[in-house]
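Enquirer: Okay, sequence plus prediction incoming.
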Amino acid sequence: MAYLFRCTAKQNVCSKVPKGTTVQVVKQWDMKPGTEDIRAAIKQQLGIEFKEMFSASYFNIEKIK
């Protein structure tokens, strides 16, 4: 079963993603997405790539379904 998470930036992320930006992450397991999951979603949905490091704690993560 797949799970959907909404990840909303709590602050500006690496000056590329502004506060309030939301991406959706689909995961196979019922575990909150990590940094790599969020990074992949940002690249796929917004076309933004990061070389800088950031933490998943920069995002509010809500399980949708």
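Expert: Alright, I've got the coordinates.
Enquirer: Contacts only, for the most centrally placed residue in the chain.
Expert: Closest to where the C-alpha atoms of the chain average out (C-alpha atoms, centre = their mean) is Ile38, at 3.0 Å. For Ile38, the set of contacting residues under the criterion of C-beta atoms under 8 Å, 6 or more residues apart in numbering consists of Cys7, Val23, Val25, Ala56, Phe59. All C-beta spots, glycine's among them, are computed from the backbone N, C-alpha and C.
Enquirer: can you rerun that using 10 Å?
Expert: Taking C-beta atoms under 10 Å, 6 or more residues apart in numbering, we find Ile38 in contact with 5, 7, 9, 13, 17, 23, 25, 32, 50, 54-56, 58-59, 61.
Enquirer: Go through those and name the one with the lowest pLDDT.
Expert: When those are compared on pLDDT, Phe50 comes out least confident, at 83.
Enquirer: picking up where we left off before, ok but the residue nearest to the centre of the chain is inside a helix, no?
Expert: Yes - with DSSP: H, G, I helix; E, B strand; the rest coil as the criterion, Ile38 is part of a helix.
Enquirer: where does it land on pLDDT?
Expert: pLDDT for Ile38: 94.
Enquirer: Which members of the contacts of Ile38 come out as buried by neighbour count?
Expert: When the contacts of Ile38 are checked for burial by 16 or more other C-beta atoms under 10 Å, the buried set is Phe5, Cys7, Ala9, Val13, Val17, Val23, Val25, Lys32, Phe54, Tyr58, Phe59, Ile61.
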